[in-house]
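S.K.: Let me see the structure of the following:
(one chain, ligands or ions: 1)
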Amino acid sequence: MYRTHTCGELRLTDVPNEVTLAGWVQTIRKFGSITFIDLRDRYGITQLLLGEELNKKLDDQPLGREFVLQASGTVQERSNKNPQLSTGDIEIRVKDFTILNRSAVPPFTIQDDTDGGDDLRMKYRYLDLRRNAVKRNLELRYAVNRAARNYLHEKGFMDLETPFLIRSTPEGARDFVVPSRMNPGQFYALPQSPQTFKQLLMVSGYDRYYQIVKCFRDEDLRADRQPEFTQIDCEMCFVEQEDILRMFEGMIKAIFKDVKGIDYTEPVERMSWEEAMWNYGNDKPDIRFDMKLTNLKSPLKKEGVQRATGELIGGAGFGVFDNAETVVAIAVPGASEYTRKQTDEITDWVKRPQIGMQGLVTIKCNADGSFKSSVDKFYGPEKLQAIAASCEAKPGDLILILAGREERTRKAISELRLEMGERLGMRKKDEFRLLWVLDFPLFEWAEEEGQPGRWVARHHPFTSPKPSDIDTMISNSPQVANQEEYLQHPYAGIKANAYDMVLNGNEIGGGSIRIFQRDLQEKMFDALGMSREEARHKFGFLLGAFEYGAPPHGGIAFGFDRLCAILGGSESIRDFIAFPKNNSGRDVMLDAPSTIDAHQFSELQIKLDLK
Ligand code: ASP
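M.R.: Sure thing, here's the model as predicted:
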């Protein structure tokens, strides 16, 4: 037997038992004739005390960091207790030890505060994984996995596997492809999600499906994305949107409870996509803090709002506002005392290329009710007061205003809102606020350089329109006569039966009620400019299945890695993946991707023609 206990297990109540432990040598400290060793395994650290009688053996068989050691001895009370360790009250007075394996000197210290840089730790990820900090993250990941499984199992969901070697799926990213040796010149695609399979399973009558599953998308890796990532993927039959929302807020709440001990009893808030865009400038608002946008001027229509505020800032001779398509403001609570240096810093922040604004207008709402603005020349006290009132700013607030093109400005102010929330400590890591964003547009208008504009599915082409919009979809042609006028086209107003779950400003899940009627599905493909032939070629199996009694169905998928990262209080999903890839999609430990042998190319009948 290698061990009687783990290194995290022994307590004062075990004194004076005889035990055997096995683990890795974390540290060795010599005090005169006595040697202390911290022995580590997955469960903790236990101090070993080796007396004088073992010195000869230690000289003959010197130990080093990360050696695998087995030690037997007696549990005794420690004179110098360590309250930081769960085993800190005891130590093992070692009678004998065996070196089970030796270790080369590790390239970095395997401790909470390691001296290893990112690249080095990724190269030796198997050593990095021994560190407590990483281990805690993987434990949390497993806890989330278990909580989700328990909940779904209890609700009657079946975990059904779906294949990885498939043909293209409809999530709209680029596919990873795998050449087929047995079918020369042909390729499998790796699934961007199990979307079509889970819909087929519904047709087959498995009315509650889930899978915690890898998905593959060959996208440029914007900050904190992975080419392969994990989803909690779910689908249900005979459901409407409301059924899905209830089922899956139940799941997230169960995860909160099991993993974090949080009783999230209040109902999950709901917000329409339009409200989210209008009030927060993006479709995944962080509602842990308020600071809503005030739309002083915008080409978008939102009944009874934008016209009035536009009047406040127009015609004062301030060209920046007069010429801008959009002017938006936030009132930052309690920031009126910001110094010139601080406001300059924020101005520099919005001018960064990632934000891309020309400048920032500020209005300080002083505690005495007066105003001080960077545009005092154009706006007298009354106008400033009126602007402040429309921003619902209070004395002590600092109003920040951006102006420019609609899309960019709205995006910029939404980033600025988050940045100010961060600076003011309003985005607390241990506070969790869930939100459903609903009523997304079904279509988006996409314009690529040199191409005519076209409708694309905002979610994916199997997402159904709201029942009340089905007629509009069926009875109108998707043709847009004039490029500029797509906003007036009836399709622009069609809402999707789709929903996103947002946690602290991150989209953690999304899904939809699906189209299950063949004619509506074909109309959808028409709208997306996909010919009948192309649709049949790509998704013929699904359209075929829809001929044989497809039930009404819908589903959702949660980004498992992201959910873990947020629950673990981290920005980075990489910390929650045992073997992640770096920002260029490389596994630096395996050195993958890599070239393959000449005979593999020849078996595949593939010749490289690298540009
Ligand atoms: N397949 C979708 C996705 O991966 C989710 C869903 O519609 O269920 O985003």
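
S.K.: need the residues of this structure near the ligand, please.
M.R.: E171, S193, Q195, G510, G511, S512, G555, I556, A557 (C-beta under 6 Å from any ligand atom). Backbone N, C-alpha and C define where each C-beta goes, glycine included.

S.K.: Any chance of TSV for those, columns neighbour count?
M.R.: Supplementary listing: these in TSV, determined by neighbours: other C-beta atoms under 10 Å:
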residue	neighbour count
E171	16
S193	22
Q195	24
G510	20
G511	27
S512	24
G555	26
I556	24
A557	22
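
S.K.: Please flag which of the residues you listed sit within strands.
M.R.: Among the residues of the chain next to the ligand, the members falling in strands (DSSP state E) are G510, G511, S512, G555, I556, A557.

S.K.: Tell me the secondary structure at the residue in the stretch 1-150 of the chain that the ligand sits nearest to.
M.R.: Closest approach between the stretch 1-150 of the chain and the ligand, counting by C-beta to the nearest ligand atom: A148, at 14.8 Å. Three-state call for A148 (DSSP: H, G, I helix; E, B strand; the rest coil): helix.

S.K.: can you pull the contacts of it?
M.R.: By C-beta atoms under 8 Å, 6 or more residues apart in numbering, A148 lies in contact with Y210, I212, I232, M251, A254, I255, F558, F560.

S.K.: which strand in this structure runs the most residues?
M.R.: Longest strand in the chain, counting residues (DSSP E): strand 18-31.

S.K.: returning to what we had before: output the contacts of A148 in CSV, with secondary structure appended to each entry.
M.R.: Listed next are the contacts of A148 as CSV, based on three-state DSSP:
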residue, secondary structure
Y210, strand
I212, strand
I232, strand
M251, helix
A254, helix
I255, helix
F558, strand
F560, helix
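
S.K.: ok, those residues vs L360, which is closest?
M.R.: Nearest to L360, judged by C-beta to C-beta, of the contacts of A148 is F558 at 36.9 Å.

S.K.: Need the phi and psi values for Q342.
M.R.: Backbone torsions of Q342, given as degrees, to the nearest 10, read phi -70, psi -40.

S.K.: And N137, by the same measure?
M.R.: Torsion angles, degrees, to the nearest 10, at N137: phi -60, psi -40.

S.K.: That one contacts R574, correct?
M.R.: No - with contact defined as C-beta atoms under 8 Å, N137 does not reach R574; the gap is 9.7 Å.

S.K.: Distance-wise, check P285 relative to R433.
M.R.: As judged by C-beta to C-beta, to the nearest Å, P285 and R433 stand 10 Å apart.

S.K.: R93 belongs to a strand, doesn't it?
M.R.: Yes - the assignment for R93 by three-state DSSP puts it in a strand.

S.K.: Neighbours of it, how many?
M.R.: Using other C-beta atoms under 10 Å, R93 has 14 neighbouring residues.

S.K.: and what of V588?
M.R.: Counted with other C-beta under 10 Å, V588 comes out at 18.

S.K.: so what's it up against?
M.R.: With contact taken as C-beta under 8 Å, 6+ apart, V588 is in contact with D119, M122, K123, N582.

S.K.: Tell me how far it lies from R141.
M.R.: Taking C-beta to C-beta, one finds V588 at 21 Å from R141.

S.K.: can you pull out the strands in the stretch 201-350 of the chain?
M.R.: Taking DSSP state E, counting those that start in this stretch as the test, the strands found in the stretch 201-350 of the chain are 208-216, 228-237, 269-272, 294-297, 326-332.

S.K.: Would you pull up the residue in the stretch 101-250 of the chain closest to the ligand?
M.R.: In the stretch 101-250 of the chain, the residue that lies nearest the ligand is S193 (3.5 Å; C-beta to the nearest ligand atom).

S.K.: Could you pull up the residues touching that residue?
M.R.: T169, E171, C215, Q231, D233, A557.

S.K.: For the stretch 351-500 of the chain, which segments are assigned as helices?
M.R.: Using DSSP state H, counting those that start in this stretch, the helices of the stretch 351-500 of the chain run over 381-390, 406-423, 470-475.

S.K.: which one of those has the most crowded surroundings?
M.R.: Per residue and on average, the most neighbours among the helices of the stretch 351-500 of the chain fall to helix 406-423, with a mean of 20 (mean count of other C-beta atoms under 10 Å).

S.K.: Please report phi then psi for Q47.
M.R.: phi -80, psi 130.

S.K.: likewise the one 3 residues further on?
M.R.: Torsion angles at L50 (phi, psi; degrees, to the nearest 10) stand at phi -110, psi 120.

S.K.: what residue ranges in this protein score low on pLDDT?
M.R.: Residue ranges of the chain with pLDDT under 70: 302-309, 483.

S.K.: cutoff 80 now
M.R.: For the chain, residues meeting the criterion pLDDT under 80 lie at 168-170, 221-223, 300-311, 448-451, 481-485.

S.K.: and D41, how far is that from E66?
M.R.: According to C-beta to C-beta, D41 stands 12 Å off from E66.

S.K.: Give me the common contacts of the two.
M.R.: Residues touching both D41 and E66 (C-beta under 8 Å, 6+ apart): W24.

S.K.: got the contact list for stretch 459-479?
M.R.: Against stretch 459-479 from outside (C-beta under 8 Å, 6+ apart): 170-172, 195-196, 199, 439-440, 442, 455, 457, 489-491, 493-498, 510, 512-516, 519-521, 523-530, 542.

S.K.: nope, stretch 89-103 is what I was after
M.R.: For stretch 89-103, the external contacting residues (C-beta under 8 Å, 6+ apart) are 2, 10-12, 14-15, 19, 21-22, 24-25, 36, 46-51, 54, 57, 61, 63-78, 81.

S.K.: follow-up on the earlier one: hmm, which two among the contacts of V588 are most spread apart?
M.R.: Going by C-beta to C-beta, the pair spanning the contacts of V588 furthest: K123 and N582, at 10.0 Å.

S.K.: Compare the two (neighbour count), which wins?
M.R.: Neighbour count, other C-beta under 10 Å: between K123 and N582, K123 has more, with 18 against 14.
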